[in-house]
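Asks: Quick check, what structure comes out for this input:
(2 chains)
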Amino acid sequence: ETGVTQTPRHLVMGMTNKKSLKCEQHLGHNAMYWYKQSAKKPLELMFVYNFKEQTENNSVPSRFSPECPNSSHLFLHLHTLQPEDSALYLCASSHLKVDTGELFFGEGSRLTVL
Amino acid sequence: EDQVTQSPEALRLQEGESSSLNCSYTVSGLRGLFWYRQDPGKGPEFLFTLYSAGEEKEKERLKATLTKKESFLHITAPKPEDSATYLCAVRGNYGQNFVFGPGTRLSVLP
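Replies: I've put the predicted structure just below:
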């Protein structure tokens, strides 16, 4: 398997549920990102991990909790979300030491909060 | 604060009708300007990186150019399969954030 893989592709949850999004990259990258994409808005950075350490948290509400157990895996734990959190959640990875540094994205997880 | 704007918001072309998309940016020290293509329901797909004013990159019917304040994505003789949203992003000298523009939604009609 190659590239960046996200699961699940689609998720519907109630406001009181707890669920997790998973991302796995097979590119040998050492930085991983969570982005949120809402309708008619630019991609918003949520979290950045370099070598498993969180380096950026872009003022994201605590109902979103990231976890990065190693450089290849990234999770986004979801708890007591709001309907306005419905969006496409995109995982990306990049190579830190190569200054081209372009992001490689997964297909995204489409989240609907009822 | 780094910012990216894109125009037009949407563009409809006939097959074979060439045009350009604009990306205007303000950034504190440009480390790279990136173009991505995004198909509906999918993640963005990397197209180009540009680093300095005057640089150009080409891929099939697409050509990206860069000045100190903007970038253009030129589409020559587009085909229906070029229909997608094209995203522009910049990366500045500080932090690791890639700041994205809102995108241009391109439709190429047969």
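
Asks: Show me what from chain B comes close to chain A.
Replies: Contact residues, chain B versus chain A (Cβ under 8 Å from any Cβ of the partner chain): B:4, B:31-32, B:34, B:36, B:41-46, B:49, B:87, B:89, B:91, B:95-103. Just so you know, the C-beta spots here come from the backbone N, C-alpha and C atoms, and that holds for glycine as well.

Asks: Identify the residues contacting A:Pro91.
Replies: Let me fix one detail, which is that residue A:91 is Cys and not Pro. By Cβ atoms under 8 Å, 6 or more residues apart in numbering or on different chains, the contact list for A:Cys91 reads A:4, A:6, A:21, A:23, A:25, A:32-35, A:74, A:105-106, A:108.

Asks: how close does the closest residue to it other than its chain neighbours sit to B:Leu73?
Replies: Leaving out its chain neighbours, the residue that sits closest to A:Cys91 by Cβ to Cβ, 6 or more residues apart in numbering or on different chains is A:Cys23, at 3.4 Å. Separation of A:Cys23 from B:Leu73 (Cβ to Cβ, to the nearest Å): 28 Å.

Asks: Show me which of those two is the more surrounded one.
Replies: More crowded of A:Cys23 and B:Leu73, by other Cβ atoms under 10 Å in any protein chain shown: A:Cys23, with 27 against 23.

Asks: Can you measure across stretch B:56-72, start residue to end residue?
Replies: From its first residue to its last, stretch B:56-72 covers 10 Å (Cα to Cα, to the nearest Å).

Asks: Can you tell me what sits against that stretch?
Replies: So stretch B:56-72 is contacted by B:20-26, B:33, B:35, B:47-55, B:73-79, B:82, B:88 (Cβ under 8 Å, 6+ apart).

Asks: I'd like to know which of those residues are buried.
Replies: By neighbour count, with 16 or more other Cβ atoms under 10 Å in any protein chain shown, these hold B:21, B:23, B:25, B:33, B:35, B:47-50, B:73, B:75, B:78, B:82, B:88 as buried.
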